[in-house]
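**Student:** Okay, structure incoming, though there's no sequence with it:
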């Protein structure tokens, strides 16, 4: 761990590239601690620009806002406000903090200044081994008491008329993870070690929201003219191991000792997920790839129009997240198939691991494709993550919630599921 600084000193930091050539200079990580147990972690890649280049903007502020905007901890928001009191997301951060019944430090008695731990910049790694951000201290497994039962809505979630009747079918009961590859009438596999795939029909749906998070706006109609296939489950540890043994993936990522073969693989970056898809395509002769962001949301909704496919509220034990109730382990996600599937027969579209998709990151949907294709313009050093993870609260698990991360940086909560074109 590097230096410890007060928040007031943070804005005065500068990076001296000395005689470094233009290009990647490593990663810079920040751990903000409010002194009362609240912590927020963010990282940003350092790029040395040629002499005379205009600075590109406050990437560190954006990175930290992405980490805390859906937090369930008021201390995270307080740390963000303290570090970026005049940030462009400051009003929204103060509004969210007020919703917790907590005022920002500018409005209350000033406590002991938070300390910010600065991890020294890591030097660039060889191309085949991408730089990793500093890991938080190893988490401890903790049991979470089930939340009180939530009364289901009187009417089922609205169903998009453009989806074929399959989307409105009653979901089958969740199978045991140990038997997830057997007896799935709506699934197929191209090889013994390949993920189980589900055919998704063509159709039209409304993507995004009309109010709420600006990154999920504006809502817009998207038409997928052709059917496609998507993984019934997130890619598992066993499936990733087959790729490593087959020479398509570099190594097994660092994960908790408690993981099982049916645990979704996690702590993989976007480039590694793309490499897995390429290995699978070469092995089978099929067009495997990451799903587009529109395909992902269309499949996650399964013909419904609510925040979750099962309704507007997260309920109890419907997904694997920080406040979802039911079984929970902080150090690792639950095995795939631990909860009921959505109407299309897809498991864990909400929670589990945050899932990489093909699209570049854009701050909103202005100018987004309407044909379901990947949006390959914008900040392509970062790619979109959907579905939230077991370490997020329910606000990050909705059908429309969006996150992003660097393409070549591993993060514990990030994984993926695969897609495939149909012949």
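**Tutor:** Nice, I can see it. As the structure is a prediction and not an experimental result, all values here were calculated from the model.

**Student:** Number of residues surrounding residue 101?
**Tutor:** 7 (other C-beta atoms under 10 Å). (Glycine included, C-beta is placed from N, CA and C.)

**Student:** Tell me who's in contact with residue 293.
**Tutor:** When contacts are counted by C-beta atoms under 8 Å, 6 or more residues apart in numbering, residue 293 is found next to 357-359, 374-375, 384, 386, 402.

**Student:** how about the nearest residue to residue 96 once chain neighbours are set aside, secondary structure?
**Tutor:** Taking C-beta to C-beta, 6 or more residues apart in numbering as the measure, residue 96 lies nearest to residue 77, with 5.6 Å between them; neighbours along the chain are not counted. What DSSP: H, G, I helix; E, B strand; the rest coil gives for residue 77 is helix.

**Student:** where's residue 77 relative to residue 287, distance?
**Tutor:** From residue 77 across to residue 287, the span is 43 Å (C-beta to C-beta, to the nearest Å).

**Student:** Can you pick out the residue with more neighbours from these two?
**Tutor:** residue 77 (27 against 15).

**Student:** mind listing what that one touches?
**Tutor:** Per C-beta under 8 Å, 6+ apart, neighbours of residue 77: 68, 71, 93-94, 96-97, 100.

**Student:** Which parts of the stretch 201-350 of the chain are strands?
**Tutor:** Listed in chain order, the strands of the stretch 201-350 of the chain (DSSP state E, counting those that start in this stretch) span 203-207, 220-224, 228-231, 288-289.

**Student:** Phi, psi for residue 357 please.
**Tutor:** phi -130, psi 180 (degrees, to the nearest 10).

**Student:** Now do it: how many residues are near it, please.
**Tutor:** Neighbours of residue 357 using other C-beta under 10 Å come to 25.

**Student:** Residue 376 is in contact with that one, correct?
**Tutor:** No: if you go by C-beta atoms under 8 Å, residue 357 and residue 376 don't touch, sitting 11.7 Å apart.

**Student:** low pLDDT regions in the stretch 151-300 of the chain?
**Tutor:** Residue ranges of the stretch 151-300 of the chain with pLDDT under 70: 151-184.

**Student:** should've said the stretch 301-423 of the chain
**Tutor:** Within the stretch 301-423 of the chain, no stretch has pLDDT under 70.

**Student:** The chain - how does it break down into domains?
**Tutor:** 3-119, 165-421 (automatic domain parsing).

**Student:** Of these, flag the one that's most buried.
**Tutor:** Most buried of the domains of the chain, by mean neighbour count (mean count of other C-beta atoms under 10 Å): domain 165-421, with a mean of 20.

**Student:** Can you verify residue 93 is assigned to a strand?
**Tutor:** No: counting by three-state DSSP, residue 93 falls outside a strand, being helix.

**Student:** residues touching it, list them.
**Tutor:** Counting by C-beta under 8 Å, 6+ apart, residue 93 touches 65, 68-69, 77, 80-81, 87, 104.

**Student:** Tell me the confidence at it?
**Tutor:** Here the pLDDT value assigned to residue 93 is 82.

**Student:** What distance do you get for it to residue 254?
**Tutor:** Applying C-beta to C-beta to residue 93 and residue 254 gives a distance of 31 Å.

**Student:** Equivalent analysis for residue 391, please.
**Tutor:** Using C-beta to C-beta, one gets 15 Å for the distance from residue 391 to residue 254.

**Student:** what residue ranges in the stretch 1-150 of the chain score low on pLDDT?
**Tutor:** 1-45, 47-60, 102-150.

**Student:** Try it again at 80.
**Tutor:** 1-77, 79-80, 82-84, 86-88, 100-150 (pLDDT under 80).

**Student:** Wasn't residue 408 part of a strand?
**Tutor:** No: counting by three-state DSSP, residue 408 is not part of a strand but coil.

**Student:** That one against residue 273, yeah?
**Tutor:** No: assessed by C-beta under 8 Å, residue 408 is found out of contact with residue 273, at 11.4 Å.

**Student:** out of the contacts of residue 293, who's nearest residue 258?
**Tutor:** residue 386 (25.5 Å; C-beta to C-beta).

**Student:** Now do the closest one against residue 325, distance only.
**Tutor:** Residue 386 is 22 Å from residue 325, where distance means C-beta to C-beta.

**Student:** swap in residue 333?
**Tutor:** From residue 333 over to residue 325 (counting by C-beta to C-beta), the distance is 15 Å.

**Student:** For residue 416, list the residues it contacts.
**Tutor:** 234-235, 268, 273, 276, 290, 353, 355-356.

**Student:** ok, and the closest non-adjacent residue to residue 207?
**Tutor:** residue 222 (4.8 Å).

**Student:** quick one: residue 275 and residue 247 touch, right?
**Tutor:** No: applying C-beta under 8 Å, one finds residue 275 not in contact with residue 247, separated by 10.5 Å.

**Student:** Tell me the residues that contact both of those two, please.
**Tutor:** If you check residue 275 and residue 247 against C-beta under 8 Å, 6+ apart, no residue is contacted by both.

**Student:** isn't residue 202 right next to residue 226, touching?
**Tutor:** Yes: using C-beta under 8 Å, residue 202 is in contact with residue 226, at 5.6 Å.

**Student:** Quick check: bridge partners of the closest residue to residue 297 other than its chain neighbours?
**Tutor:** Of all residues not flanking residue 297 in the chain, residue 207 sits nearest, at 5.5 Å (C-beta to C-beta, 6+ apart). Beta bridges link residue 207 to residue 220 when assigned by DSSP bridges.

**Student:** I'd like to know how far residue 207 sits from residue 235.
**Tutor:** 24 Å.

**Student:** do residue 331 as well
**Tutor:** 19 Å.
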